[in-house]
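Sequence first, then the predicted structure:
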Amino acid sequence: MDEIRLGMIGCGQISTRFFNQARQLPGVRFVATCAAHEASARAKAEENHCEHWYTDHRQLLDDASVDAVVITTPHQLHAPMAIDALRAGKHTLVEKPLTTRLEHLRILAAELRSSRVTFMALPFVHTPAFLTALRYVREEYIGKITGIEADLSIPGPPRSNWYYSREAEGGAMLDTMVYPLARTAALMGPAKRIAAFTNQLIPHRLCDDGGQVESQVDDNVTILLEYATGQQAVVRSYWAQSFRQNGTVLHGRHGTIFLDRWGYPLIVKSDLTPVPDAKPIEFLGLEHCYAPAIPAMRVEDDIVGHFVHCIRTGERPHCDSTIGIHIAEQQMLAYQASVTNRIMLLESTFDLWWERPAGIMDLGQGYL
């Protein structure tokens, strides 16, 4: 497929980055927009030289000039619109979260099993720092993997709008928890069991835009995951910090990988060997720490570029439907686990897209 023609469903602020990325890619362009309000759809269409605009996403999906769609609507609309896109045979890129309801997730999973389109479920965590880190997820650098911790915590969404409303169908769990869950899944693979705590810390909020809101969503979430080989993950997201914190720490028996921690995009601690292509560094008072060189992000490797590449080649996206469904199931079952005070069993699974060394999760062989 030489030219990829895209349709944008949802014309809010978040859509801008997708328009900007597509503009920099050869043979890629947006040809249609859709928004609930015609003025918004038309404005985005004219701004980005699109031939058509709609107020009903089904009309856009019926447009034969559209090869693929990007869905950036409010959270509760993502899964229903993605289901419609699959049924229309359109390649589909869905903003996070993939769904807000377990019943929608099951319908979406069934549609995906019979679909042949390219499907990507954000977030896209495969930044240059993350991809560089994968080179050091090896026993010769960190030993066997023993656990992981990840978080994304912020003061709260800055705008006093639908993010805090009941119609959003969830708060921190759906909006920000998905990022550390995605990084955890991309490193650890599928989990087997989940426990969680979810509540609301701040019901009466002052937002950065000067607005006051009576919050109707969760803003304090902790998830515990357990894997078939015994490792555990602690994943955290809450809207009550005075600063943004967004990082991951992958623990090995003889080393640690720090992603986006305390001012550094990537630090590798290895007690086994000096880390190649990295400079020794003082970090948290720990010995044997190294800062690898990280390449710049190319637009071809960013979200839209990766999506288009997979459409053209038929390759599996890094954040494909299987990992998206597993992360969404974790979010949905975490709500249930918190309400019922039960440990829940995860049913979905997926294969890692990258070749993790065999045996690095197996802690039962030899003395460690």
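Sure thing, it's come through. Numbering: from 1, shown residues only.

what residues go with each domain of the chain?
Using automatic domain parsing, the domain ranges for the chain come out as 4-125+302-320, 128-295+328-345.

Distance to residue 361 added to those, as a markdown table?
Where C-beta positions appear, they are placed from N, C-alpha and C, glycine not excepted. Putting these into a markdown table (distance: least, CB to CB, whole Å) gives the following:
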| stretch | distance to residue 361 |
| --- | --- |
| domain 4-125+302-320 | 19 |
| domain 128-295+328-345 | 4 |
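
between these, which gets nearest to residue 354?
The minimum distance between residue 354 and these falls on domain 128-295+328-345, with 5.6 Å, by CB to CB.

What is the end-to-end distance of the closest one?
Domain 128-295+328-345 has an end-to-end distance of 33 Å (CA to CA, to the nearest Å).

Can you give the distance of it from its chain's centre?
11 Å (CA atoms, centre = their mean, to the nearest Å).

got the domains of the chain as TSV, with mean pLDDT, distance to residue 353 and mean neighbour count columns?
What follows is the domains of the chain, written out as TSV (pLDDT from 0 to 100; distance: least, CB to CB, whole Å; neighbours: other CB atoms under 10 Å):
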stretch	mean pLDDT	distance to residue 353	mean neighbour count
domain 4-125+302-320	97	5	19
domain 128-295+328-345	96	8	19
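
which one of the ones you listed lies closest to residue 355?
domain 128-295+328-345 (9.2 Å).

Now do the helices in the chain.
15-23, 38-47, 57-61, 78-87, 102-114, 128-134, 139-142, 172-175, 178-188, 303-313, 321-340 (DSSP state H).

Export the ones you listed to TSV and append columns for distance to residue 202.
Formatted as TSV, those follow (distance: least, CB to CB, whole Å):
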stretch	distance to residue 202
helix 15-23	29
helix 38-47	31
helix 57-61	34
helix 78-87	26
helix 102-114	27
helix 128-134	31
helix 139-142	38
helix 172-175	11
helix 178-188	20
helix 303-313	31
helix 321-340	18
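
and residue 346, which of the ones you listed is closest to it?
Proximity to residue 346 (CB to CB) singles out helix 321-340 among the helices of the chain, at 5.9 Å.

just checking, what packs against the closest one?
Counting contacts by 3 or more CB pairs under 8 Å, 6 or more residues apart in numbering; DSSP states H and E, helix 321-340 is packed against helix 102-114, strand 119-121, helix 172-175, helix 178-188, strand 193-199, strand 220-226, strand 344-345.

Just send the ones you listed back as TSV, with distance to residue 36 too.
What follows is the helices and strands packed on helix 321-340, written out as TSV (distance: least, CB to CB, whole Å):
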stretch	distance to residue 36
helix 102-114	19
strand 119-121	23
helix 172-175	20
helix 178-188	24
strand 193-199	29
strand 220-226	29
strand 344-345	35
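
picking that back up, show me the one of the helices of the chain that comes nearest residue 358.
helix 139-142 (10.1 Å).

So which elements touch that closest one?
Contacts defined by 3+ CB pairs under 8 Å, 6+ apart place helix 139-142 against strand 245-252, strand 255-261, strand 264-270.

got a list of contacts for it?
136, 250-257, 268-270, 272-273, 275, 357, 359-360 (CB atoms under 8 Å, 6 or more residues apart in numbering).

Also stretch 75-87?
Contacts for stretch 75-87 (CB under 8 Å, 6+ apart): 9-10, 57-58, 61, 69, 71, 73, 92, 94-95, 97-101, 104-105, 107-108, 111-112, 115, 117, 119, 167-170, 174-175.

now do 6 Å
9, 57, 61, 69, 71, 92, 94, 97, 99-100, 104, 107-108, 111, 115, 168-169, 174 (CB atoms under 6 Å, 6 or more residues apart in numbering).

ok now it, how far from the chain's centre?
Offset of stretch 75-87 from its chain centre (CA atoms, centre = their mean): 17 Å.

Quick check: residue 94 touching residue 120?
No. If you go by CB atoms under 6 Å, residue 94 and residue 120 don't touch, sitting 7.1 Å apart.

Any chance of the helices and strands packed on helix 139-142 in a markdown table with distance to residue 317 as columns?
Listed next are those as a markdown table, based on distance: least, CB to CB, whole Å:
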| stretch | distance to residue 317 |
| --- | --- |
| strand 245-252 | 20 |
| strand 255-261 | 21 |
| strand 264-270 | 23 |
